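Colleague: Build me a model from this:
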Amino acid sequence: MEKRKLRGGMVGGGSNSWIGTVHRMAAAMDGQAELVAGVFSSDYEKSRIFAEELYLDSSRIYTDYREMAEKESSLPAADRIDFVSIVTPNVSHFDIARTFLEAGFNVVCDKPMTCRLKDAMELKSVVDRSGKVFALTYTYTGYPMVKQARDIVKKGSLGKIVKVVVEYRQEWIGRLLGKETGSFNIWRMDPQKTGISCCIADIGIHAQNLVQYITGLEIEELCADLSCSVPGYSLDNDGSILLRYKGGTKGVMHVSQVYAGEENGLSIQIYGTEQGISWTQENPNYLICKTLDGYSTTYSKGARGSTVLCDSALNASRLPLGHPEGFIEAFANIYLEAFKAIRTQSTNQLLITGDYPTVDDGVTSISFIETVVASSRSNEKWVKIIHQ
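Modeller: Presented below is the predicted three-dimensional model:
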């Protein structure tokens, strides 16, 4: 590929979408890409007006994603988009991703990848056939200290992992408790837009993916209890899950969107036979490591030239010590790794796999969602992880 900025498109992410803004900021952060085309709303006029605010060429604003994929693919290679970002409600991810992959475009998709395991498996087949880059924005894998935690585990410093505790605490749905049914409308709690789960599909899979990314552990079976506290809705907004991983490690996960006073309390603790580590998203620049002797070590991101931090943690840090960075930068790290993979593409060569969440991570998460929901609905105590 010639030396130039990558050209990006976007489906969804209009004027009322905070996650669309995040994707645009993250993709542009390192000067590697620019947004040139899109469908920002199902209402073309709203999409056009929003595109004007972004100073985009009106000829590259389309009525829907199918028209966008068709017309962009018909443009000369020197003009068409190199990738598309998908930031629409869950239920549409599968069709949009499949359409662009089959039209020859790389895809960066917001999670969850699909709403059904069947669709996730089909999308994996499409990705494999296409030879294109497919990245999922599991944001927290982009944090420097999460990468450092992964390196510590890989080196065996913890010994055998015996317990994992992961939590994700929010309050935003809790603000609706006690309100009259019908006085509010949350698309994430609408099964027609989000699938069979709200809380687990929204934040539970972030917790699941974080454990998998750091430890490499695979869930064997689980026991889940989900609940919904908001009148007029049926999808979960709170969940407690016991986990059994292959190899004997045990885990506990609890996630909720109705915890009064909580903001974005994602945290993980991993305990081994030799050491334990802990990381908290709301204080993301530090990783705590504790030994059996009572000593603790605090790793900090951004230590340029450090001989302590691993290369991936150093490379993911943009600013020097004492200068905080967080969510947007972590998001940008995923885009940056996907861009590296996109730039390595050629007709007869395999893509170089980067440090970003892939379609395989997406399949694992959808399997997790379906197993958790099945377990919660079942009278059986434990349910084996669901496979296609």
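
Colleague: What residues of the helix or strand that contains Ile369 count as buried?
Modeller: Assigned by DSSP states H and E, Ile369 belongs to helix 359-377. Neighbour counts over helix 359-377 (16 or more other Cβ atoms under 10 Å) mark 359, 361-376 as buried. Glycine gets a C-beta too; all of them are placed from N, C-alpha and C.

Colleague: Quickly run through the sheet partners of the helix or strand that it is followed by, with directions.
Modeller: Downstream of helix 359-377, the first helix or strand assigned by DSSP H and E is strand 383-384. The strands beside strand 383-384 in its sheet (DSSP bridges) come out as strand 219-227 (antiparallel).

Colleague: what's the closest non-adjacent residue to Thr364?
Modeller: Nearest non-adjacent residue to Thr364, counting by Cβ to Cβ, 6 or more residues apart in numbering: Gln212, 6.7 Å away.

Colleague: I'd assumed Gly362 was in contact with the one you found.
Modeller: No - taking contacts as Cβ atoms under 8 Å, Gln212 lies outside contact range of Gly362: 11.8 Å.

Colleague: do you know how far the residue nearest to Thr364 is from Ile203?
Modeller: Distance of Gln212 to Ile203, computed by Cβ to Cβ, to the nearest Å: 15 Å.

Colleague: looking at this, Met10 is in a strand?
Modeller: Yes - counting by DSSP: H, G, I helix; E, B strand; the rest coil, Met10 is found in a strand.

Colleague: Pull up the gap between it and Arg60, please.
Modeller: Distance from Met10 to Arg60, by Cβ to Cβ: 11 Å.

Colleague: shared neighbours of those two, anything?
Modeller: Here Met10 and Arg60 have Ala37, Gly38 as joint contacts, going by Cβ atoms under 8 Å, 6 or more residues apart in numbering.

Colleague: Pull the residues that contact stretch 187-207.
Modeller: 89-91, 111-112, 115-116, 138-140, 166-168, 170, 173, 226, 228, 230, 233-239, 241, 253, 255-257, 266, 268, 365, 368-370, 372-373.

Colleague: One more: stretch 8-25?
Modeller: Contacts for stretch 8-25 (Cβ under 8 Å, 6+ apart): 27, 33-41, 46-47, 50, 53-54, 60, 65, 68, 72, 81-89, 92, 96, 105, 108, 110, 137, 327-328, 331-332.

Colleague: Okay, buried residues for it please.
Modeller: By 16+ other Cβ under 10 Å, the buried positions in stretch 8-25 come out as Gly8, Gly9, Met10, Val11, Gly12, Gly13, Gly14, Ser17, Gly20, Val22, His23, Arg24.

Colleague: what pLDDT does the second one get?
Modeller: Just to be clear, that refers to Gly9. The model reports Gly9 with a pLDDT of 98.

Colleague: just the last one next, same as before
Modeller: Per-residue confidence for Arg24 comes out at a pLDDT of 98.

Colleague: same deal with the fifth one?
Modeller: pLDDT for Gly12: 97.

Colleague: I'd like the numbering to begin with 2 instead of 1 from here.
Modeller: Fine by me, first position is 2 from now on; the one you just mentioned is Gly13.

Colleague: what is it paired to in the beta sheet?
Modeller: Beta-bridge partners, per DSSP bridges, of Gly13: Val88.

Colleague: got the contact list for the nearest residue to Glu263 once chain neighbours are set aside?
Modeller: Once flanking residues are discounted, Glu263 sits nearest to Arg170: 4.0 Å by Cβ to Cβ, 6+ apart. Shown in contact with Arg170 (Cβ under 8 Å, 6+ apart): Val256, Ser257, Tyr260, Glu263, Gly266, Leu267.

Colleague: Same list, those residues, but as JSON lines with neighbour count please.
Modeller: Converted to JSON lines, those look like this (neighbours: other Cβ atoms under 10 Å):
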{"residue": "Val256", "neighbour count": "29"}
{"residue": "Ser257", "neighbour count": "24"}
{"residue": "Tyr260", "neighbour count": "19"}
{"residue": "Glu263", "neighbour count": "17"}
{"residue": "Gly266", "neighbour count": "17"}
{"residue": "Leu267", "neighbour count": "21"}
